[in-house]
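> All I have is the shape, not the residue letters:
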């Protein structure tokens, strides 16, 4: 066996140029397949952790997925609002550690405006529990101050101390609150989550914007200037949703049931991980398509290796016949050619793993900031190990084809000159 492996190594080295192309193809295909599996797995994890650390999301009674869409991803609109008194009752529940209100309904040039409190930036987590960071400035402390996400700053070219105005309606093209401008006091670091595409202001600011509005339009003949709005009670009457953190996560089902049965008004509490996992199921077709394409690429690479070995058999007929004449059995010939193919496959997989680890390390910051996918540093997962085994097993089968073909070549055919 040692002699056969040594002979296969020398044979591969002698054909290093032609087999090297097949090796590179297998390496790239293996790295791509494993990277797609890694991104698929980590994307799902990152998606379900878009608001890590939040135990419950509370809103008006609707579907769980719809609640997550407008409360977390700011897509669509709420069917109804929550009364402020209901929010305060929930916040005072003995099992609740903290509660952050959210008020939606306005926008700025296509980006959602989120009315909230300053502790939003302390409580909210993403990916594997990472906290929000500021690349410039800090949290709003005054009435007409705003914090913007990284994508808002990049797309619109905003910097600290610039002035912006907000529009009524989530689309960002409704009537303008032009008489009450906001000053940008903070810019958040990129997270790859909806936070990047949001403008944050205080709940009191949202109330101040709508003092002289009714029914989604400004009241004719009435305009309250910014310097006078502070004289009014700006405590919100309603909010859109709330993020809830519990003192003990074991209480989540009991608190969820209590909120869902709340008698003050119809409310819905959902666990973010469960609702986001349900939402992710809608992307199952995309996952399977990407995986299928990557698998086809691997098969093409292995087929190319098998074709290269088959094409070289005609040139090696005399070589194989000489080995037979020196006493090598048919099984030894088959084994040698199979080992050659397996060596090329193994070499390609090892190079593919190197590409995977290097590429994952280099692309991790980009994947996090641009797509919100946290590529967790690891050797490989159980699914990736199964894929490695599958690639090697398929490579072994592909290597058997040239070996079986060589088995059919007769000794006389190899020694007889061909014209």
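That came through, no problem. Everything numeric in this text was worked out from a predicted model, so none of it was measured.

> Secondary structure element holding residue 256?
In this structure, residue 256 is located in helix 252-260 according to DSSP states H and E.

> tell me the secondary structure for the closest residue to residue 404 other than its chain neighbours?
Once flanking residues are discounted, residue 404 sits nearest to residue 334: 6.6 Å by Cβ to Cβ, 6 or more residues apart in numbering. (C-beta placed from N, C-alpha, C; glycine too.) Reducing the assignment to helix, strand or coil with DSSP: H, G, I helix; E, B strand; the rest coil, the entry for residue 334 is helix.

> any idea how far residue 334 is from residue 305?
Here residue 334 is placed at a distance of 17 Å from residue 305 (Cβ to Cβ, to the nearest Å).

> The two: who's more crowded?
When residue 334 and residue 305 are compared for neighbours, residue 305 comes out ahead with 25 against 18, by other Cβ atoms under 10 Å.

> picking up where we left off before, helix or strand right after the helix holding residue 256?
In N-to-C order, the element after helix 252-260 by DSSP H and E is strand 267-270.

> I'd like to know which elements that following strand is packed against.
Of the remaining helices and strands, those touching strand 267-270 by 3 or more Cβ pairs under 8 Å, 6 or more residues apart in numbering; DSSP states H and E are strand 56-60, helix 64-71, helix 252-260.

> I'd like the distance from the very next helix or strand once past it to the chain centre, please.
Towards the C-terminus, the helix or strand next in line after strand 267-270, according to DSSP H and E, is helix 272-280. On the basis of Cα atoms, centre = their mean, to the nearest Å, helix 272-280 is displaced by 14 Å from the centre of the chain it belongs to.

> circling back to that earlier point, pull out the buried positions in the helix holding residue 256.
By 16 or more other Cβ atoms under 10 Å, the buried positions in helix 252-260 come out as 252, 255-256, 259.

> and those, which two are the farthest apart?
Taking every pair in those and measuring Cβ to Cβ, the maximum separation is 10.6 Å, between 252 and 259.

> Now do the shared contacts for the two.
Any residue near both residue 252 and residue 259 by Cβ atoms under 8 Å, 6 or more residues apart in numbering counts here, and that gives residue 56.

> In the stretch 1-150 of the chain, where is pLDDT below threshold?
Across the stretch 1-150 of the chain, residues meeting the criterion (pLDDT under 70) sit at 1-5, 7-8, 46-49.

> What segments of it are helices?
For the stretch 1-150 of the chain, helices defined by DSSP state H, counting those that start in this stretch occupy the ranges 2-14, 16-48, 64-71, 84-91, 120-123, 150-156.

> Out of those, flag the one nearest residue 391.
The closest approach between residue 391 and any of the helices of the stretch 1-150 of the chain, judged by Cβ to Cβ, belongs to helix 16-48 at 5.6 Å.

> Can you list the buried residues in that closest one?
When burial is assessed from 16+ other Cβ under 10 Å, helix 16-48 yields the following buried residues: 19, 22-44, 46-48.

> sorry, back to before: can you redo the buried residues of helix 252-260 as CSV with pLDDT and distance to residue 394?
What follows is the buried residues of helix 252-260, written out as CSV (pLDDT from 0 to 100; distance: Cβ to Cβ, whole Å):
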residue, pLDDT, distance to residue 394
252, 93, 45
255, 95, 50
256, 95, 47
259, 95, 52
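
> which one of these sits closest to residue 224?
residue 259 (35.5 Å).

> got the contact list for that closest one?
For residue 259, the contacting residues are 56, 58, 90, 267-269, by Cβ under 8 Å, 6+ apart.

> try residue 397
Not one residue lies near residue 397 by Cβ under 8 Å, 6+ apart.
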